[in-house]
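Colleague: for reference, the sequence and a predicted model appear below.
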Amino acid sequence: MTTRLTLDQARRIAVRAQLLDAQRPGDVVEVAEQIGEIKIDPTATIAPCEHTVLWSRIGWSYEAGQLRKAVEGDRLLFELGGAFRPMSMLPLLLPEMSRWPRRESSRQWLAANDRFRSDVIARLRAEGPLLTARIPDTAQVVRAPDGWSGANPVPHMLEFLTWQGIVAVAGREGRQRVWDLAERVYPSDLPVYDEDEATHLRHERKLQAAGIAKQSSPWTPVGDAGEPVMIEGSTRKYRVDPAALAAVDEDDGGRVAFLNPYDVMLFDRPRLSEIFGFDYVLEQFKPKPQRGYGYFAHPILMGDRFVGMLDAALDKTRDVLRVNAVHELAPFEPEEHEMVRAELAELAELAEWLGVAVEYDQE
């Protein structure tokens, strides 16, 4: 039998799964274990993505050093593919990583650079951990720039070896990655799964992080994990996390959250539109005249609704969080004034966390 949910219930499940409800998590590892990945991005109009993702969940008690300790000290998180992930996810990825790459052009490039590959591994074995700049370029065949990365083949090779599970990111110096052999970074006692079992467990973890997701979504692939569910007004097939479904009618209240544009909550755009009625567009790469909300505006989640966009930037020279605009997506109802006050309080807490004052644009 397929369970039927209202839109309110579906939104509540999604918000709670992403730790954006009133019950805040206690630490960095708890957040990573639940939401699956913490995106890394240097764009920092307010703060880098990995820190705003964690602050939006944990709140004022989060400090940047906690993330570094979890990654580099305790080795409870690891970096892969531009995100910090819980170490418990690594054994679920290793079977697929052992067959990487699948793309023929990547296979050909690796084959043509077999000596270069060996040189990089040997250098790390002898001298690691190392910054990219400390590893010589001995490539036989270069790769054409793709618009996102330069012509230097060393970062390409390091990325390839990381996806093969041979090399790992051991830490960072500022924004620069430090590389080492995976055997010296990853735990040696990880459980071993075959590929089918690992895929199923990975789908379960994806669904745990999403709470509710379309069965065939390319954004949130969950396969047959969880239970089938229908949402009012939709004919699409969704899957729901059984634990989330069991708690769907628990009401622990809502809160305000400012979400970094690269927050995992925003990845599945079709789901955002269908469940939340929120058609989100990142305007970072649009020409300025075409932007409606700002270069890197943060969506504002209030309870289980997206109500606005925060256009703000940290001005380090003046020690202020400058709020250029708070764009309402829909007019607030009179009974929602308390939540508006909560929004202002959250802005004040954000500024305090950054160690600055709030300054509102007077225009």
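Modeller: Good, I have the coordinates. For clarity, every value in this text was computed on a predicted model and none was experimentally measured. Numbers count the residues shown, from 1 in each chain.
Colleague: my guess is Ala14 meets Leu272, correct?
Modeller: No - contact criterion C-beta atoms under 8 Å: Ala14 and Leu272 do not qualify, at 9.1 Å. Just so you know, the C-beta spots here come from the backbone N, C-alpha and C atoms, and that holds for glycine as well.
Colleague: neighbour-wise, which of those two wins?
Modeller: Using other C-beta atoms under 10 Å as the criterion, Ala14 and Leu272 rank with Ala14 on top: 23 against 19.
Colleague: show me the helices in the protein, by range?
Modeller: 7-17, 28-35, 49-58, 64-68, 90-97, 104-112, 114-127, 153-163, 195-210, 242-246, 269-276, 337-354 (DSSP state H).
Colleague: possible to save those as JSON lines with mean pLDDT?
Modeller: Below are the helices of the chain laid out as JSON lines (pLDDT from 0 to 100):
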{"stretch": "helix 7-17", "mean pLDDT": "96"}
{"stretch": "helix 28-35", "mean pLDDT": "98"}
{"stretch": "helix 49-58", "mean pLDDT": "97"}
{"stretch": "helix 64-68", "mean pLDDT": "96"}
{"stretch": "helix 90-97", "mean pLDDT": "97"}
{"stretch": "helix 104-112", "mean pLDDT": "93"}
{"stretch": "helix 114-127", "mean pLDDT": "97"}
{"stretch": "helix 153-163", "mean pLDDT": "95"}
{"stretch": "helix 195-210", "mean pLDDT": "96"}
{"stretch": "helix 242-246", "mean pLDDT": "95"}
{"stretch": "helix 269-276", "mean pLDDT": "95"}
{"stretch": "helix 337-354", "mean pLDDT": "85"}
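Colleague: mind checking how far stretch 285-298 is from the chain centre?
Modeller: Mean-position distance between stretch 285-298 and its chain equals 21 Å (C-alpha atoms, centre = their mean, to the nearest Å).
Colleague: pull the CA atoms of that stretch into PDB?
Modeller: C-alpha atoms of stretch 285-298 as PDB (Å, rounded to 0.1, in the frame of the first residue of the first chain):
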ATOM      1  CA  PHE A 285      26.800  33.600 -13.300                       C
ATOM      2  CA  LYS A 286      24.200  35.900 -14.700                       C
ATOM      3  CA  PRO A 287      25.100  39.400 -16.000                       C
ATOM      4  CA  LYS A 288      24.300  42.000 -13.300                       C
ATOM      5  CA  PRO A 289      21.300  43.600 -15.200                       C
ATOM      6  CA  GLN A 290      19.700  40.100 -15.300                       C
ATOM      7  CA  ARG A 291      19.800  39.500 -11.500                       C
ATOM      8  CA  GLY A 292      16.700  39.900  -9.500                       C
ATOM      9  CA  TYR A 293      18.000  39.100  -6.000                       C
ATOM     10  CA  GLY A 294      21.800  39.600  -6.100                       C
ATOM     11  CA  TYR A 295      25.000  38.000  -7.000                       C
ATOM     12  CA  PHE A 296      25.000  35.300  -4.300                       C
ATOM     13  CA  ALA A 297      21.700  35.800  -2.500                       C
ATOM     14  CA  HIS A 298      21.000  33.200   0.200                       C
END
